[in-house]
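J.: 3D, please:
(2 chains)
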2 protein chains.
Amino acid sequence: MNIGILGTGTVGRTIATRLVELGHTVVLGTRDSTATLAKSESDRMGNPPFSIWLKQNSSIRLGAFAESAAYGEMVINATNGSGTLAALEAAGEANLSEKILIDISNPLDGSKGMPPSLFVCNTDSLAEQIQCAFPSTKVVKTLNTMNVRVMVYPRQLMDGNHSVFVSGNDPDAKVKVSQLLRSFGWEDIIDLGDITTARGVEMYLPLWLRLWGALGTGVLNIQVVR
Amino acid sequence: MNIGILGTGTVGRTIATRLVELGHTVVLGTRDSTATLAKSESDRMGNPPFSIWLKQNSSIRLGAFAESAAYGEMVINATNGSGTLAALEAAGEANLSEKILIDISNPLDGSKGMPPSLFVCNTDSLAEQIQCAFPSTKVVKTLNTMNVRVMVYPRQLMDGNHSVFVSGNDPDAKVKVSQLLRSFGWEDIIDLGDITTARGVEMYLPLWLRLWGALGTGVLNIQVVR
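T.: All right, here's what the predicted structure looks like:
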């Protein structure tokens, strides 16, 4: 499948390489391709500059947010939560219309101390804000509850005996996203309901952040035992 | 141990009988003992009126919040989140001073539709509000992330292979609470850190509520896989 991924950070890159490994083709979207390619320093986590990474992953193309969204039969939002709505605006409503948008972002707000709080929660969620701004797009919230390595290689952790959630208003879109999740290795995929249930998974992040702190590793997830 | 439990609903009652089963003695605390004993109807979940339950559990005593708190070497807050601060105020600072207060409440707010939202979250938590109002009390947040049957009989679910969290400022208090949790059957007890980490476990509730809805059972929990 042709897939557009918005965001060129670790999350976007890791999902892109995994999708290519699974036989898909990817255009990564960014705000300003020239600026993204011009960066010459590693990021805080020691990841190489984008241009070097791109040379190592030559089947992946870089484009503006709009090119990436236009290319994708399915689009994945892997931007920072704080930049998500602007990125989607730049991607363009027409390029997202009637498509499945997999939203894996989190509304993290580092401005009030660490660990981050959320800039939207409780009676609203970032996924709902996206769905509201792009009513003809089929937004499916998923994968935001874990580290990106766990997202795309779930079986590296306890043989995959842990859970992932999907939230969205379109049942068929959730079925298609679940197929993609299964191709990553996911087995326990829990359909929480409509897009308002994204409040639940976004509000789980504060616990996840504290588990990361307490356990000293971000390679963790939860299994829903029932 | 002599334990005071604030709250006479299903949660308080279930913990009380479990503690008696484990050899402890309990005084259940309520706002108005006469009113609590006068209730003659079953609650929404079909539980019998308190007076009938009390006859069936004759070793348990009922008292005012202050009597219950004064009695307990350790006190458990099993009141509704919305009534918690008022209940603790009635219990009295002197009766709670230097004691461990196990806070299992959740700041649920049903006024903005169902499932409930939280009346405090994100940059504060109910547990922190309690700790702030009662600075000489050793508040330990725990057990708020599950149904009461799972709280006190964790092994009924997947042989107990799931997790419980403790948050609090006093390390020794967390050790003592963890001993009590182990006596219930808990094995995977994760110390998240100081009382601010209660934000994480309280903000998990919106996910828990949606899991309950999606799975059709409240007898569920999460196992932290790492």
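
J.: who in chain A is up against chain B?
T.: Applying CB under 8 Å from any CB of the partner chain, one finds that chain A approaches chain B through A:112, A:117-118, A:121-123, A:157-158, A:161-162, A:165, A:190-193, A:197, A:199-201, A:203-204, A:206-211, A:213-215, A:217, A:219-226. C-betas here are computed from N, CA, C, even on glycine.

J.: cutoff 6 Å now
T.: Within chain A, the residues that sit near chain B (CB under 6 Å from any CB of the partner chain) are A:112, A:117-118, A:121-123, A:157-158, A:162, A:192-193, A:197, A:199-200, A:203-204, A:206-207, A:210, A:214-215, A:220-226.

J.: of the residues you listed, buried ones?
T.: Listed as buried from the residues of chain A next to chain B are A:117-118, A:121-122, A:157, A:162, A:192-193, A:197, A:199-200, A:203-204, A:206-207, A:210, A:214, A:220-226; burial here means 16 or more other CB atoms under 10 Å in any protein chain shown.

J.: quick check, pLDDT for the residue most central in space within chain A.
T.: When chain A is reduced to its mean C-alpha position, the nearest residue by CA atoms, centre = their mean turns out to be residue A:104, at 2.9 Å. Note for residue A:104: predicted pLDDT of 98.

J.: in terms of secondary structure, what does the helix ranked longest in chain A contact?
T.: Longest among the helix segments of chain A by residue count, using DSSP state H, is helix A:171-184. Packing partners of helix A:171-184 (3 or more CB pairs under 6 Å, 6 or more residues apart in numbering or on different chains; DSSP states H and E): strand A:138-142, strand A:163-168, strand A:188-193.

J.: recalculate using a threshold of 7 Å.
T.: strand A:100-103, strand A:138-142, strand A:163-168, strand A:188-193 (3 or more CB pairs under 7 Å, 6 or more residues apart in numbering or on different chains; DSSP states H and E).

J.: dump those strands to CSV, plus distance to residue B:44.
T.: Shown next, in CSV, are the helices and strands packed on helix A:171-184 (distance: least, CB to CB, whole Å):
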stretch, distance to residue B:44
strand A:100-103, 36
strand A:138-142, 32
strand A:163-168, 28
strand A:188-193, 23
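
J.: can you list the buried residues in stretch A:153-172?
T.: By 16+ other CB under 10 Å, the buried positions in stretch A:153-172 come out as A:153-154, A:157, A:160, A:162-170.

J.: which one of those residues is nearest to chain B?
T.: Set against chain B, the nearest of these by CB to the nearest CB is residue A:162 (4.5 Å).

J.: give the contact list for that closest one.
T.: Counting by CB atoms under 7 Å, 6 or more residues apart in numbering or on different chains, residue A:162 makes contact with A:154, A:188, A:221-223, B:225.

J.: one more time with 10 Å
T.: By CB atoms under 10 Å, 6 or more residues apart in numbering or on different chains, the residues touching residue A:162 are A:145-146, A:150, A:154-155, A:186-188, A:220-224, B:222-226.

J.: for residue A:81, see how far away it is.
T.: Separation of residue A:162 from residue A:81 (CB to CB, to the nearest Å) stands at 23 Å.

J.: I'd say residue A:189 and residue A:160 touch.
T.: No - with contact defined as CB atoms under 10 Å, residue A:189 does not reach residue A:160; the gap is 11.1 Å.

J.: so for stretch A:78-92, what gets flagged as buried?
T.: A:78-79, A:81-82, A:84-85, A:87-88, A:90-92.

J.: out of the residues you listed, who's nearest chain B?
T.: Nearest to chain B among those, with distances taken as CB to the nearest CB, is residue A:81, at 13.8 Å.

J.: I figured the closest one hits residue A:117, correct?
T.: No - if you go by CB under 10 Å, residue A:81 and residue A:117 don't touch, sitting 11.6 Å apart.

J.: now do the shared contacts for those two.
T.: A:107-109, A:205.
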